[in-house]
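Asks: no sequence on this one, just coordinates:
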């Protein structure tokens, strides 16, 4: 087995374990708390992560491009850590002001501030970007397996003695802190310094010029991804949030298959640089694979949603099965949108992420306002599908500058490049076998 294949197997194995554990823990929490309290739990995590778009400073996207061009990974990683500290602190301060102004429930406010502090200050995204870009994804897998093992133990104890919302949230935060700490320990031999002076250099000026469209678009994407939860809470209450969250939890967990492909292979696309034809072909293959995986999951959930929800959450969450099916369709297009966003960055078209995200946000808010009062949680799921389809595909056709991306995705969905590559591999293997026999 090649080194790349071995690392990919490691990553997939860890993600499978993580996803299964995440869904099981979600079901334990839901059963322990009930529909209404589980809705509050999901709501706190949702709004607690609202500042991520500013805190992460698009390191996970632009960082891949920077590493592809960098001859000094140590300095680049140091720059990213410094950016994360500064941006994370600022993001938490903004989030604190916003939460204080709009959240009236003191209990929810305190929980949201604590969860937001973890989300904003965790350096996990910096370490992940470095390890993916340096082709050490297996270390990410090992760190995640270790942290998840501890998470299961803590949550199991809390579940057995009937814990409260804040205790389950604390376990969630501890897992995230442990995950980042293990990755940090694994790259410790690099002895990366925090570059405290970089903020006065030309580096930060260049980074800000490139990153501002990504930050704005990430913010818009984050808002429209959380619009359904917030509007359900406003219009229908925490119980609806609980039912909706149970459905989307399973479909979002299944997205790991596509996200591993995107995170693992995107650095290779970046490194192809000016080799336009090769980079485009690889991009089409990646999107084609994401589409096939997503479509297979949609078919699976159509037939198994009722059974999965009943086994995991119980009869009180039966309404979540329809949300699961619809959410799996939205997740398919969401993953395509993530892949195409990397391509926009590689091609220097970050600004059009802002345009696309703004279009989808407006559409999502309008559809939620119309469909939630009429169709409830099903309306919210349907609104997400429409906005994701626009974000991932049709939105690119509007502007002349991004029409090439629309055509690229269209070719990818036809699977032309993927089929051609499979045929090429089969022919190569046949020739190799024939040569060996001779």
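Replies: That came in fine, so what should we check first? What you see is a predicted model; the values in this text were computed from it and never measured. Numbering: from 1, shown residues only.
Asks: contacts for stretch 245-259?
Replies: 12, 15-16, 18-19, 22-23, 26, 30, 38-39, 42, 229, 289-290, 293-294, 297, 301, 308-309, 312-313, 317, 320-324, 326-328, 330-331, 334-335, 338-339, 377, 381 (C-beta atoms under 8 Å, 6 or more residues apart in numbering). For the C-beta atoms, the positions are set from N, CA and C on the backbone; glycine is no exception.
Asks: quick check: buried residues in it?
Replies: Within stretch 245-259, the residues that count as buried by 16 or more other C-beta atoms under 10 Å are 245-258.
Asks: and the next element down the chain from the helix or strand where residue 94 lies?
Replies: According to DSSP states H and E, residue 94 maps onto helix 73-102. Going down the chain from helix 73-102, the next helix or strand is helix 106-121, by DSSP H and E.
Asks: that following helix: what's the following helix or strand?
Replies: According to DSSP H and E, the helix or strand after helix 106-121 is helix 124-133.
Asks: what helices and strands are in contact with that following helix?
Replies: Judged by 3 or more C-beta pairs under 8 Å, 6 or more residues apart in numbering; DSSP states H and E, the packing partners of helix 124-133 are helix 59-69, helix 73-102, helix 137-160, helix 165-186, helix 256-271.
Asks: tabulate the ones you listed (CSV), appending mean pLDDT and distance to residue 406.
Replies: Formatted as CSV, those follow (pLDDT from 0 to 100; distance: least, C-beta to C-beta, whole Å):
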stretch, mean pLDDT, distance to residue 406
helix 59-69, 74, 20
helix 73-102, 84, 32
helix 137-160, 88, 30
helix 165-186, 90, 37
helix 256-271, 70, 18
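Asks: save the ones you listed as CSV, and put in distance to residue 358 too.
Replies: Shown next, in CSV, are these (distance: least, C-beta to C-beta, whole Å):
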stretch, distance to residue 358
helix 59-69, 18
helix 73-102, 20
helix 137-160, 32
helix 165-186, 30
helix 256-271, 23
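Asks: who wins for proximity to residue 413 among those?
Replies: helix 256-271 (13.8 Å; C-beta to C-beta).
Asks: the closest one: what's the following helix or strand?
Replies: Helix 256-271 is succeeded, C-terminally, by helix 276-313 (DSSP H and E).
Asks: so how far is residue 169 from the residue nearest the centre of the chain?
Replies: The centre of the chain sits closest to residue 259, judged by C-alpha atoms, centre = their mean, with a distance of 7.3 Å. Distance, residue 259 to residue 169, by C-beta to C-beta, to the nearest Å: 24 Å.
Asks: ok, now residue 18?
Replies: 18 Å.
Asks: show me what the strand or helix carrying residue 360 is packed against.
Replies: Taking DSSP H and E as the definition, residue 360 sits inside helix 351-375. With contacts taken as 3+ C-beta pairs under 8 Å, 6+ apart, helix 351-375 sits against helix 202-235, helix 320-346, helix 377-392.
Asks: and the longest one, how far out from the chain's middle?
Replies: Which is helix 202-235. 13 Å (C-alpha atoms, centre = their mean, to the nearest Å).
Asks: same thing with the shortest one?
Replies: Going by C-alpha atoms, centre = their mean, the spacing between the C-alpha centre of helix 377-392 and its chain's C-alpha centre is 17 Å.
Asks: remind me what the helix or strand that comes right after it packs against, helices and strands.
Replies: Using DSSP H and E, the helix or strand that follows helix 377-392 in sequence is helix 403-413. Other elements packing on helix 403-413 under the criterion 3+ C-beta pairs under 8 Å, 6+ apart are helix 276-313, helix 320-346.
Asks: return the distance of the longest one from the chain's centre.
Replies: Looking back up the chat, that one is helix 276-313. Counting by C-alpha atoms, centre = their mean, helix 276-313 comes out at 15 Å from the chain centroid.
Asks: just stretch 381-399 next, same as before
Replies: 17 Å.
Asks: so what's residue 49 up against?
Replies: 115, 116, 119, 222.
Asks: right, and the third one touches residue 56 too?
Replies: No. In this structure residue 119 lies outside contact range of residue 56 using C-beta atoms under 8 Å: 9.1 Å.
Asks: more neighbours, these two?
Replies: Neighbour totals were compared for residue 119 and residue 56, and residue 56 leads with 27 against 23 (other C-beta atoms under 10 Å).
Asks: residue 24 versus that one, what's the distance?
Replies: The value you get for residue 56 to residue 24, if C-beta to C-beta is used, is 27 Å.
Asks: list the contacts for residue 172?
Replies: With C-beta under 8 Å, 6+ apart, residue 172 has these contacts: 45, 115, 151.
Asks: kindly reformat these as JSON lines containing neighbour count and distance to residue 130.
Replies: Formatted as JSON lines, the contacts of residue 172 follow (neighbours: other C-beta atoms under 10 Å; distance: C-beta to C-beta, whole Å):
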{"residue": "45", "neighbour count": "19", "distance to residue 130": "26"}
{"residue": "115", "neighbour count": "23", "distance to residue 130": "25"}
{"residue": "151", "neighbour count": "22", "distance to residue 130": "23"}
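Asks: ok so, going back, just want the angle from the helix holding residue 94 to helix 165-186.
Replies: In terms of direction (axes from the mean of the first three to the mean of the last three C-alpha atoms, to 10 degrees), helix 73-102 departs from helix 165-186 by 170 degrees.
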